[in-house]
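Novice: this is the structure alone, sequence omitted:
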């Protein structure tokens, strides 16, 4: 037993009372005396039954409101949702939160434990306002605080879930005891087809296991296969706070009814410059976004400028079945988007709008089933993560299904959209012309992507109409000072990228001086492609995974093939284009031809003047026959050069793999018909750039004068063996440098491979 003096007991009781009082005081509903359900507490002239309400005092919403035309919360007004009501529900065409006003559903320190709903109503074209229609808007000095019951947002399977049946037990990698009976979950596709994502309903979860109901038509893979983590994601869709738009049964009126047969005019939420708080977490958002109307998105920072740290975030939410985007950062700096689940959206999902949104943080988010949209030209090739400013921190996210790309990184020459208009008018300045192409990347490592056409894509230029050009043409080349193009060039380090089941290319990179480590790709038309100078090390490329067969999707020899296949008839693990690329200390697994596909571990899309430095060192091949190591097309017009530094590709150290052109070969070379028209030679080679004069060149090696060589039209170089002598003549006018004394502009590349 514990003995305490009377004075000590009283002091202890007072201390505990103070602690409890303080802890209760952080809950927004504490101490609010006016209740929507109690007329006796209303001030004179107020009625919850008014069609259009202006709120200038605190009131506890503890019922379902009648259908309101609108709610404006002004200075002194607080709409606080009651956690003790069976359902606190606001039904309104719009909510406008002005300076000094707030809408509060829980708080950071007192998460909302009840049931709450906001239903945004109205048909398109009913009225006009600066915020549009069917919205929640937060203006300067206003506050929106939404803090639902904390639950784990998403996890991964730890075992494969089989198709068939209506009751399943799913095993996952995290403790999901917070998931409750009736919660809906989405199981991501783990195949090429994003439409294999399926929704199930929780019966009971305990620890790392859940019993769920749902007729699963597809299996969902839950294993690390061939060294690549292919464990499918499981996302939570249900929350105790739901904000949604009221929808019509079909498309109507001035909508894009020729493209969509369903209503695409959902609600939207917008936070404007100067807001006091825009904090949204652990809530459910659905039927939001207004397709084809600019600035009408489910969750949206709009031209909010520099965001004060701690005043805003969008985190740990369930955002699903949205009609235009998921989360948008627009003309705002420091947007924090973290740990959300987004499922089934139209157009780019996690979206940076004008290309000016520096300091954006997207971390630990899951995006599934990103569909084509119609708002801007690039929405026809949608990206789950659309990243338009290099000073961004995009880490530990997963894009698990897109009709376009999983991640798309691109930059604009000048600001676009509303930001572009402000800069061109002189009202604001965001960045100089082409400055973004020279700006250092923040961090884009640690991401996963699967079940898309392209996976992790870094290329193209953001155009003024917010379309995307085909390629950035090597313009992205960061330097120490982006305002001084001549300052020191920087190396960009990117690591820990996982990609699988990409119909075309898993990882496509078009940036200068890229250093890549721990890249893991499997089951793709092309595992990884780099366009500029690159170094790839300690990585894994898998031609065909051992267990994740997927659902057969193609006939081969009039029979369905035993596993799903990417697009095309050929697959490569790694390829580069023109510029120097070194592949080092990496593994290629399971690259083997079949009746279905031509499969090669290493290829080169095109050799170039600096390809004397391109090659591999200390790479290994597992479950890959010798013929599967290297591949080159059957075309004999284009030149090819690949340096086998350590001999790990060909078995001959310090050798080159070359096209079978007589002027490059000798009796010391070994032909490799399994790889195409290639041979392995012990010679060293240099490159002589032709500067557009290739077709006028006639090259003869002096020991085989009857074998003349002329480069192909687009080959801007000729390769020469350092063990032989050559005569170069010109079919046309002798090349000169304009305005100077006639001379041959001769530059030899590859004289010293170690530099």
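Specialist: Structure received. All of these numbers come straight from a predicted model, not from anything done at the bench. Residues are numbered from 1 along each chain as shown.
Novice: residue ranges of the helices in the stretch 1-150 of the chain, please?
Specialist: With DSSP state H, counting those that start in this stretch applied, the stretch 1-150 of the chain shows helices at 6-25, listed in chain order.
Novice: residue ranges with poor pLDDT in it?
Specialist: Residues of the stretch 1-150 of the chain that meet the criterion pLDDT under 70 lie in 1-25.
Novice: could you do the stretch 651-755 of the chain as well?
Specialist: Counting by pLDDT under 70, the ranges of the stretch 651-755 of the chain that qualify are 734-748, 750-755.
Novice: and the strands in it?
Specialist: For the stretch 651-755 of the chain, applying DSSP state E, counting those that start in this stretch gives strands covering 655-659, 670-672, 678-681, 685-689, 697-701, 708-709, 717-721, 726-730.
Novice: quick check: angle from the last one to strand 717-721?
Specialist: This means strand 726-730. Counting by axes from the mean of the first three to the mean of the last three Cα atoms, to 10 degrees, strand 726-730 points 160 degrees away from the direction of strand 717-721.
Novice: show residues contacting strand 726-730.
Specialist: Residues from elsewhere that reach strand 726-730, judged by Cβ atoms under 8 Å, 6 or more residues apart in numbering: 663, 688, 693, 696, 697, 698, 699, 700, 701, 702, 718, 720. (Glycine included, C-beta is placed from N, CA and C.)
Novice: my read: the second one touches residue 716, true?
Specialist: No. The pair residue 688 and residue 716 does not pass the contact test of Cβ atoms under 8 Å, sitting 10.0 Å apart.
Novice: who has more neighbours, these two?
Specialist: Comparing residue 688 with residue 716 by other Cβ atoms under 10 Å, the one with more neighbours is residue 688, at 20 against 17.
Novice: what's the closest non-adjacent residue to that one?
Specialist: residue 718 (5.1 Å; Cβ to Cβ, 6 or more residues apart in numbering).
Novice: thought that neighbour was touching residue 701?
Specialist: No. Under the criterion of Cβ under 8 Å, residue 718 makes no contact with residue 701, lying 11.0 Å away.
Novice: need the distance between the two termini of stretch 39-55.
Specialist: Using Cα to Cα, to the nearest Å, one end of stretch 39-55 lies 15 Å from the other.
Novice: please state the offset of that stretch from the chain centre?
Specialist: Between the centre of stretch 39-55 and the centre of its host chain there is 46 Å, according to Cα atoms, centre = their mean, to the nearest Å.
Novice: stretch 210-226 now?
Specialist: Between the centre of stretch 210-226 and the centre of its host chain there is 23 Å, according to Cα atoms, centre = their mean.
Novice: list the buried residues of that stretch.
Specialist: For stretch 210-226, the buried set under the neighbour-count rule, 16 or more other Cβ atoms under 10 Å, comprises 210, 212, 214, 216, 218, 219, 220, 221, 222, 223, 225, 226.
Novice: what's the answer for stretch 239-258, then?
Specialist: Residues 239, 240, 241, 242, 243, 244, 245, 246, 247, 251, 255 are the ones in stretch 239-258 that count as buried (16+ other Cβ under 10 Å).
Novice: residues contacting the last one?
Specialist: The reference is to residue 255. Residue 255 makes contact with 124, 263, 264, 265, 291, 292 under the criterion Cβ under 8 Å, 6+ apart.
Novice: farthest-apart pair in the residues you listed, please.
Specialist: Distance extremes for these: the farthest pair is 263 and 292 at 12.4 Å, using Cβ to Cβ.
Novice: thought residue 241 was touching residue 280?
Specialist: No. In this structure, residue 241 is not within contact of residue 280 by Cβ under 8 Å, at 9.5 Å.
Novice: now for the two: what residues contact both?
Specialist: Contacts common to residue 241 and residue 280, judged by Cβ under 8 Å, 6+ apart, are residue 146.
Novice: just give me how far stretch 429-442 sits from the chain centre.
Specialist: Relative to the mean C-alpha coordinate of its chain, stretch 429-442 is positioned 20 Å out (Cα atoms, centre = their mean).
Novice: what lies in contact with it?
Specialist: Counting contacts by Cβ under 8 Å, 6+ apart, the residues touching stretch 429-442 from outside are 355-356, 389-394, 411-415, 419, 422-423, 472, 475-479, 482-483, 485, 490, 492, 494, 511.
Novice: how near is the closest residue to residue 663 other than its chain neighbours to residue 707?
Specialist: Once flanking residues are discounted, residue 663 sits nearest to residue 701: 4.5 Å by Cβ to Cβ, 6+ apart. Distance from residue 701 to residue 707, counting by Cβ to Cβ, to the nearest Å: 7 Å.
Novice: likewise for residue 578?
Specialist: 26 Å.
Novice: which of the two has more neighbours?
Specialist: Here residue 578 and residue 707 are set side by side on neighbour count (other Cβ under 10 Å), and the busier one is residue 578, at 20 against 13.
Novice: quick one: residues contacting the more buried one.
Specialist: 531, 606, 607, 608, 609, 610, 611.
Novice: mind putting the residues you listed into CSV with pLDDT?
Specialist: Supplementary listing: the contacts of residue 578 in CSV, determined by pLDDT from 0 to 100:
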residue, pLDDT
531, 96
606, 92
607, 92
608, 91
609, 91
610, 91
611, 92
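Novice: out of those, which is most surrounded?
Specialist: residue 611 (28 neighbours).
Novice: what sits against it?
Specialist: Going by Cβ under 8 Å, 6+ apart, residue 611 touches 578, 579, 580, 604, 641, 642, 687.
Novice: rerun that using 10 Å as the cut-off
Specialist: 576-581, 604, 639-643, 656, 685, 687, 717, 719, 749-750 (Cβ atoms under 10 Å, 6 or more residues apart in numbering).
Novice: could you check how far stretch 118-138 is from the centre of its chain?
Specialist: A distance of 30 Å separates the centroid of the chain from that of stretch 118-138, by Cα atoms, centre = their mean.
Novice: measure it end to end?
Specialist: Distances were taken as Cα to Cα; on that basis the terminal residues of stretch 118-138 are 15 Å apart.
Novice: how about that stretch: buried residues?
Specialist: 118-122, 124, 131-138.
Novice: can you tell me which of those end up in strands?
Specialist: By the criterion of DSSP state E, membership of these in strands covers 118, 119, 120, 135, 136, 137, 138.
Novice: contacting residues for the fifth one?
Specialist: Same thing as residue 136. The neighbourhood of residue 136, defined by Cβ under 10 Å, 6+ apart, consists of 71, 90, 92, 94-97, 103, 118, 120, 144, 146, 243, 267-271, 288, 299.
Novice: please repeat the previous calculation with a cut-off of 8 Å.
Specialist: When contacts are counted by Cβ under 8 Å, 6+ apart, residue 136 is found next to 94, 95, 97, 103, 118, 120, 144, 243, 267, 268, 269, 270.
Novice: now swap in the third one and tell me
Specialist: By Cβ under 8 Å, 6+ apart, the contact list for residue 120 reads 92-94, 134-136, 243-246, 266-267, 288.
Novice: so what's it bridging to?
Specialist: With DSSP bridges as the criterion, residue 120 is bridged to residue 92, residue 245.
Novice: equivalent analysis for the last one, please.
Specialist: For residue 138, the beta-bridge partners are residue 97, residue 271 (DSSP bridges).
Novice: contacting residues around residue 125?
Specialist: So residue 125 contacts 133, 253, 254 (Cβ under 8 Å, 6+ apart).
Novice: my read: the last one touches residue 126, true?
Specialist: Right, residue 254. No. Here residue 254 lies out of contact with residue 126, judged by Cβ under 8 Å, at a distance of 11.7 Å.
Novice: if I look at the residue lying closest to residue 564 once chain neighbours are set aside, how far off is residue 503?
Specialist: In this structure, residue 564 finds its nearest non-sequential neighbour in residue 550, 3.3 Å apart by Cβ to Cβ, 6+ apart. With the distance defined as Cβ to Cβ, residue 550 ends up 12 Å from residue 503.
Novice: quick check: neighbours shared by those two?
Specialist: Overlap of the contact sets of residue 550 and residue 503 (by Cβ under 8 Å, 6+ apart) consists of residue 192.
Novice: where along the stretch 201-350 of the chain do the helices fall?
Specialist: Counting by DSSP H, counting those that start in this stretch, no segments of the stretch 201-350 of the chain form helices.
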